[in-house]
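Chemist: sequence-free structure coming up:
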């Protein structure tokens with residue numbers, strides 16, 4: 001009976017062990033199946049020589065090298081086998097891995113295929129950078145992601161993908177550990193992001209990468225950017241990023257790709273401008289926007305998709321940058337009007353400002369003519385042309401009429417009419433209204449008499465009523481009113497205080513004593529009328545109407561001035 005019991009227990013135990021082994025085998029098989037591939041390899045490590053890589057089937061991550069021992073990796077070999085990675089039709093995908101390394105004193109070595117060694121052995125030369133990519137149809141459905149543990153920086157760089165630079169170049173930093181994994185491209189949880197860091201004056205490289213609109217560099221410290229590295233993260237779409245910089249003394253550099261350094265290191269050369277573009281499939285789904293903080297300008301507006309950002313011809317440094325991925329065609333992160341400044345743009349802004357000033361000042365003459373004709377009067381040019389025909393003046397003398405009719409001088413004329421009304425009020429007289437027809441006539445009369453000639457238009461019968469003329473007075477009422485009042489030579493004074501007059505026009509220009517444009521450097525003319533039409537206005541009404549007329553020209557002038565001021569720094 002005991003023998004039978006022992007035999008039964010033995011059979012039962014064997015069955016349990018067999019079931020357990022079957023279960024373990026099944027678990028192991030399922031883990032490999034969920035990953036869909038296997039990887040193996042070796043790393044040649046400082047002091048240790050060749051060390052086998054460790055592959056975690058559950059996560060699909062291959063790890064090479066060491067951590068926490070400050071040991072450089074000098075060479076790597078990676079093996080890859082596709083067990084069950086298929087396309088949408090269930091066909092096993094073709095292709096594999098290719099990789100290349102950046103080696104101390106050597107730089108980038110040639111690309112090698114899976115199973116081949118990349119790096120050196122027996123030369124004590126550290127690996128500093130690594131790029132890995134998939135080949136064949138495998139690259140259409142999957143992405144290779146890899147992370148390196150960098151001397152001083154650790155894992156701050158995070159995982160990069162599909163040919164982007166992992167590690168550094170030009171910094172003499174060793175790679176100590178490498179992790180590699182393969183993930184599906186259509187993994188919805190792995191959204192795209194852009195990562196970047198800069199080399200700054202005095203500070204060197206930023207220890208960690210910034211991303212998605214964060215500020216890389218400095219502001220308010222006057223520190224130049226000297227180099228930049230940019231790469232994409234995420235496996236939502238295939239593709240990459242390229243960029244180039246405009247460098248002090250060198251100009252535009254060649255394009256760099258996926259984490260490579262653009263700019264210089266150890267040469268104290270400032271970056272002055274940058275262009276950034278997406279490459280491959282991702283460019284169909286995202287726009288890349290970027291803006292820079294430039295010397296003297298501060299933050300410029302956002303550029304996108306290869307547009308220039310920064311300055312040229314100014315010798316101004318870039319100090320900081322922000323980069324952001326935005327869904328294709330979506331709204332920009334901010335203003336996009338002025339991402340870039342060069343000498344040609346400044347010249348164009350200067351020309352635009354000059355044209356705006358001319359338009360603004362010419363608006364005064366247009367205003368005088370339009371309002372005069374509407375009130376039944378004549379244009380300024382009509383009076384001038386008539387005087388020329390009648391031999392009363394010459395083209396040289398009347399060339400100053402556009403100056404007299406400038407916007408600035410019209411406002412001064414309105415102010416003088418207000419002064420006249422104050423003087424009349426002090427004498428108990430009615431306030432004069434502004435007659436638009438007399439304003440145009442006064443402008444023409446002032447031009448014809450600008451060199452000191454007498455009352456030419458008045459004496460020729462072009463205008464009726466009264467007329468005052470003055471040369472050399474910044475304020476003509478000093479002579480007309482204050483110096484003549486109470487004297488026997490008070491004709492100008494009498495015009496000012498005449499109760500018969502109900503309307504007036506005025507013209508004024510001052511160029512300074514000795515200026516040949518006007519006699520004694522200044523001309524003032526005031527005409528007086530005896531009746532008022534419905535087109536006549538008080539000085540405040542006339543000024544308000546003129547303000548409204550000028551609004552558009554003033555807006556354009558303000559815009560042109562702001563643009564020029566922003567550019568010309």
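Modeler: Perfect, I can see it now. For clarity, every value in this text was computed on a predicted model and none was experimentally measured.
Chemist: C-alpha from now on. contacts and neighbour counts both.
Modeler: Will do.
Chemist: how about stretch 413-421: buried residues?
Modeler: Residues of stretch 413-421 classed as buried by neighbour count (16 or more other CA atoms under 10 Å): 413-418, 420-421.
Chemist: show me what contacts the closest residue to residue 499 other than its chain neighbours?
Modeler: If the residues on either side of it in the chain are set aside, residue 499 comes closest to residue 429, at 6.1 Å by CA to CA, 6 or more residues apart in numbering. Counting by CA atoms under 8 Å, 6 or more residues apart in numbering, residue 429 touches 497-499.
Chemist: 10 Å - rerun?
Modeler: 421-423, 496-501 (CA atoms under 10 Å, 6 or more residues apart in numbering).
Chemist: Domain boundaries for this structure, per the record?
Modeler: The record's domain parsing of the chain by automatic domain parsing lists 37-185, 187-338, 352-551.
Chemist: centre of the chain versus the shortest one, how much separation?
Modeler: The gap between where domain 37-185 is centred and where its chain is centred comes out at 38 Å by CA atoms, centre = their mean, to the nearest Å.
Chemist: Likewise for the last one?
Modeler: Average the C-alpha atoms of domain 352-551, do the same for its chain, and the two points are 47 Å apart (CA atoms, centre = their mean).
Chemist: mean confidence score for that domain?
Modeler: Model confidence over domain 352-551, given as mean pLDDT, is 92.
Chemist: thinking again about what came up before, need phi/psi at the residue nearest to residue 499.
Modeler: phi -100, psi 160 (degrees, to the nearest 10).
Chemist: Look up how far residue 417 lies from it.
Modeler: Remark: distance between residue 429 and residue 417 (CA to CA, to the nearest Å) = 14 Å.
Chemist: Give the intersection of the neighbour lists for these two.
Modeler: Counting by CA under 10 Å, 6+ apart, the shared contacts of residue 429 and residue 417 are residue 423.
Chemist: Mind listing what's buried along stretch 80-94?
Modeler: Buried, per 16+ other CA under 10 Å, within stretch 80-94: 80, 82, 84-86, 93.
Chemist: Strands - which of those residues land there?
Modeler: Mapping the buried residues of stretch 80-94 onto strands (DSSP state E) picks out 80, 82.
Chemist: State the pair within the buried residues of stretch 80-94 that is farthest apart.
Modeler: Largest separation among the buried residues of stretch 80-94 by CA to CA: 80 and 86, giving 15.1 Å.
Chemist: still on that earlier bit, could you export the domains of the chain as JSON lines, including distance to residue 557?
Modeler: Below are the domains of the chain laid out as JSON lines (distance: least, CA to CA, whole Å):
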{"stretch": "domain 37-185", "distance to residue 557": "49"}
{"stretch": "domain 187-338", "distance to residue 557": "18"}
{"stretch": "domain 352-551", "distance to residue 557": "5"}
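Chemist: Neighbours of the closest residue to residue 299 other than its chain neighbours, how many?
Modeler: Among residues not flanking residue 299 along the chain, residue 293 sits closest, at 4.2 Å (CA to CA, 6+ apart). Residues lying near residue 293 (other CA atoms under 10 Å) number 24.
Chemist: between the contacts of residue 429, which has the most around it?
Modeler: Counting neighbours by other CA under 10 Å, residue 496 leads the contacts of residue 429 with 27 neighbours.
Chemist: quick check, that one in a helix?
Modeler: Yes - judged by DSSP: H, G, I helix; E, B strand; the rest coil, residue 496 forms part of a helix.
Chemist: who touches it in this structure?
Modeler: So residue 496 contacts 420-421, 423-424, 427, 429, 432, 466-468, 477, 480-481, 490, 504, 526-528 (CA under 10 Å, 6+ apart).
Chemist: Which among those count as buried?
Modeler: Applying 16+ other CA under 10 Å to the contacts of residue 496 flags 420-421, 423-424, 429, 432, 466-468, 477, 480-481, 490, 504, 526-528 as buried.
Chemist: Filter these down to the ones in helices?
Modeler: Among the buried ones among the contacts of residue 496, the ones falling in helices (DSSP state H) are 420-421, 423-424, 477.
Chemist: correct me, but residue 194 touches residue 232?
Modeler: Yes - applying CA atoms under 10 Å, one finds residue 194 in contact with residue 232, separated by 4.5 Å.
Chemist: More neighbours: these two, which one.
Modeler: When neighbours are counted by other CA under 10 Å, residue 232 comes out ahead of the other of residue 194 and residue 232, with 24 against 20.
Chemist: Is that one in a helix, a strand, or coil?
Modeler: Taking three-state DSSP, the label given to residue 232 is strand.
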